[in-house]
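Enquirer: predicted coordinates and the sequence they were generated for:
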Amino acid sequence: QVQLVESGGGLVQAGGSLRLSCAASGLTFRNYAMGWFRQAPGKEREFVAAINWSGTTTYYRDSVKGRFIISRDNAKTTVYLQMNSLKPEDTAVYYCAADPIYRLDQRYDYWGQGTQVTVSS
């Protein structure tokens with residue numbers, strides 16, 4: 001079955017960096033667009049970034065533009081989220097998701113279990 005496993009979360013001070021990874025299995029990874037989402041306590045899950053199957057097209061929510069970078073390695077069936085200049089408001093559980101269609105909404109077919117990112121001030 002399809003599995004998406006996130007890793008790389010943790011506790012970091014404001015201004016610091018983290019790189020999240022999402023390892024995919026059980027699907028033909030190069031045929032899927034990938035997305036990153038996050039959910040802060042008491043808030044709805046929100047879109048963070050997306051990347052198309054080849055890595056040539058990306059999109060970010062405004063609040064992370066210039067700070068976060070989404071990338072993928074199809075040979076390793078892994079998608080990454082490099083997060084720089086982290087802010088306390090970036091604190092959330094981060095999820096990766098996979099879908100055959102490059103999309104900016106939450107209608108992804110497959111989801112990971114999430115990894116916690118906490119940014120201290």
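Expert: Here it is on my side, so go on.

Enquirer: buried residues of stretch 27-46, list them for me.
Expert: Of all the residues in stretch 27-46, those buried under the rule 16 or more other C-beta atoms under 10 Å are 27, 29, 32, 33, 34, 35, 36, 37, 38. Where C-beta positions appear, they are placed from N, C-alpha and C, glycine not excepted.

Enquirer: which one is the fifth one nearest to, not counting chain neighbours?
Expert: Here the nearest residue to residue 34 in space, its sequence neighbours aside, is residue 79; by C-beta to C-beta, 6 or more residues apart in numbering that works out to 4.2 Å.

Enquirer: what's the closest of the buried residues of stretch 27-46 to residue 102?
Expert: residue 33 (4.0 Å; C-beta to C-beta).

Enquirer: what's the helix or strand containing residue 24 packed up against?
Expert: For residue 24, the host element (DSSP states H and E) is strand 18-25. Counting contacts by 3 or more C-beta pairs under 8 Å, 6 or more residues apart in numbering; DSSP states H and E, the secondary-structure elements packed against strand 18-25 are strand 3-7, strand 33-39, strand 78-83, strand 92-99, strand 115-120.

Enquirer: partner strands of the longest one, parallel or antiparallel?
Expert: For strand 92-99, the pairing partners within the sheet under DSSP bridges are strand 33-39 (antiparallel), strand 110-111 (antiparallel), strand 115-120 (antiparallel).

Enquirer: mind putting those in JSON lines, distance to residue 84 and mean pLDDT included?
Expert: Formatted as JSON lines, the strands paired with strand 92-99 follow (distance: least, C-beta to C-beta, whole Å; pLDDT from 0 to 100):
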{"stretch": "strand 33-39", "distance to residue 84": "14", "mean pLDDT": "98"}
{"stretch": "strand 110-111", "distance to residue 84": "25", "mean pLDDT": "98"}
{"stretch": "strand 115-120", "distance to residue 84": "12", "mean pLDDT": "98"}
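
Enquirer: please name whichever of those is nearest to residue 100.
Expert: Closest approach to residue 100 among those is made by strand 33-39 (7.2 Å; C-beta to C-beta).
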